[in-house]
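Participant: I would like to see how this sequence folds:
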Amino acid sequence: DLIKQKEDQIKQQGDQIKQQGDQIKLQGDQIKQQGDLIKQQTDLIKQQGDQIKLQGDQIKQQADWIKQQRRQTKQIKQQGYQIKQQGDQIKQLVKEQEYFFLDPPVYVIMNGFKKRRNKDDTWYSLPFYSHHGGYKMCLRVDANGTDNGKGTHVSVFVYLMRGNFDDH
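Facilitator: So this is what the prediction gives:
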């Protein structure tokens, strides 16, 4: 009987060890599944990291493109400013060139003479040159006269001006 009890105890212990082994195997399978999940998540994280790196590279390229566009915009603005300056210079030259076409005699048309006379207005003509390469001048017209002729005469004066052909 004692032997049978010992055999039963050993059998029970064997069954318990087998159950523990099954549990350990089950836990091992679960750990393996968790390891597989961790590997999948790691792979997914790596893919997301690669995508983020790619997006970062694209953002950097876009930032570089924006910087280039800003530089080009700045250059275009500078060129526009230079073109405007050149245009202003050309306008000035054209305006000065027009003076050459105002060869004497020069006619000053005085519209609204009575109104200007009552206001005691003074007009200046466009500048003109006495001849090509000559003196630059303009006319001043006082509708109501000046000095002793005030109120009774029209006064006309010739003003000499600094021109393109003068020494500066």
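
Participant: Show the secondary-structure elements that the helix or strand encompassing Q58 is packed against.
Facilitator: Here Q58, judged by DSSP states H and E, is contained in helix 2-100. Applying 3 or more CB pairs under 8 Å, 6 or more residues apart in numbering; DSSP states H and E, we find helix 2-100 packed against strand 128-129. All C-beta spots, glycine's among them, are computed from the backbone N, C-alpha and C.

Participant: Give the next helix or strand downstream of the strand it packs on.
Facilitator: strand 136-142.

Participant: Report the strands that pair with that next one, each with its relative direction.
Facilitator: strand 122-124 (antiparallel), strand 128-129 (antiparallel), strand 155-161 (antiparallel) (DSSP bridges).

Participant: looking at those strands, which has the lowest confidence?
Facilitator: When the strands paired with strand 136-142 are ranked by mean pLDDT, strand 128-129 comes last with a mean of 78.

Participant: In the chain, which residue is most central in space?
Facilitator: T73 (5.1 Å; CA atoms, centre = their mean).

Participant: how close does that residue sit to K67?
Facilitator: 11 Å (CB to CB, to the nearest Å).

Participant: try K11
Facilitator: K11 is 82 Å from K67, by CB to CB.

Participant: Pull out the buried positions in whichever helix or strand comes after the helix holding Q58.
Facilitator: For helix 2-100, the succeeding helix or strand toward the C-terminus, using DSSP H and E, is helix 113-119. Within helix 113-119, the residues scored as buried using 16 or more other CB atoms under 10 Å are 116-117.

Participant: and helix 113-119, how far out from the chain's middle?
Facilitator: For helix 113-119, the separation from the chain centroid amounts to 51 Å (computed by CA atoms, centre = their mean, to the nearest Å).

Participant: tell me which strands and helices it is in contact with?
Facilitator: Partner elements for helix 113-119 (3+ CB pairs under 8 Å, 6+ apart): none found.

Participant: How about exporting it as CSV, limited to the C-alpha atoms?
Facilitator: Output in CSV follows, covering the C-alpha atoms of helix 113-119 (Å, rounded to 0.1, in the frame of the first residue of the first chain):
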residue,chain,number,x,y,z
PHE,A,113,-6.7,135.2,-68.6
LYS,A,114,-9.3,137.3,-66.8
LYS,A,115,-9.5,134.8,-63.9
ARG,A,116,-5.7,134.6,-63.6
ARG,A,117,-5.4,138.4,-63.8
ASN,A,118,-7.9,138.8,-61.0
LYS,A,119,-5.9,136.3,-58.9
